[in-house]
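[1] What follows is a predicted structure for the sequence shown.
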Amino acid sequence: VQLQASGGGLVQAGGSLRLSCSASGRTGWMGWFRQSPGKERAFVAAIGRSSVITNYADSVKGRFTISRDNAKNTVFLQMNSLQPEDTAVYYCAGGSGGTYSRNYDYWGQGTLVTVSS
């Protein structure tokens with residue numbers, strides 16, 4: 001399965017962005033991770049195939065929402081109340097779920113989100 005992430009850009013603090021991740025085929029658990037300069041890749045959010053189960057990093061709870069449209073093989077990350085510390089390259093990934101990147105077998109190319117203060 002190939003993943004294509006999109007939707008990144010430049011936004012002011014307090015603003016919103018919606019990331020999309022299109023898959024070339026059927027996917028199971030899907031996750032979003034992010035990586036800031038000089039930092040390791042960090043878990044952001046994940047969603048099971050049925051959308052019943054989702055989980056979020058504490059830093060984004062209440063601000064970000066992950067969702068999916070299985071008919072379109074697409075996963076979304078709605079990001080609200082963005083802050084400069086959310087600046088990072090955001091990656092979507094597919095695999096068996098959880099918060100560890102090692103649980104994910106295939107990755108998109110990343111999309112850059114820049115939040116200005």
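    Nice, I can see it. Numbering: from 1, shown residues only.

[2] Every contact and neighbour count from this point should use C-alpha atoms.
    Fine.

[3] Nearest residue to the middle of the chain?
    Trp32 (2.7 Å; Cα atoms, centre = their mean).

[4] where's the residue nearest to that one when sequence neighbours are not counted relative to Lys72, distance?
    Nearest residue to Trp32 in three dimensions, chain neighbours excluded: Cys92, at 4.5 Å (Cα to Cα, 6 or more residues apart in numbering). Cys92 is 15 Å from Lys72, where distance means Cα to Cα, to the nearest Å.

[5] Settle it for me: which of the two has more neighbours?
    More neighbours surround Cys92 than the other of Cys92 and Lys72, with 31 against 12 (other Cα atoms under 10 Å).

[6] who touches that one in this structure?
    Contacts for Cys92 were tallied using Cα atoms under 8 Å, 6 or more residues apart in numbering; they are 3, 5, 21, 30-33, 107-108, 110.

[7] top of those by neighbour count?
    Gly31 leads the contacts of Cys92 on contacts (other Cα under 10 Å) with 33 neighbours.

[8] Do I have it right that that residue meets Ser51?
    No: assessed by Cα atoms under 8 Å, Gly31 is found out of contact with Ser51, at 11.8 Å.

[9] Could you report the pLDDT at Val115?
    Here, the pLDDT recorded for Val115 equals 98.

[10] secondary structure element for it?
    strand 111-116 (DSSP states H and E).
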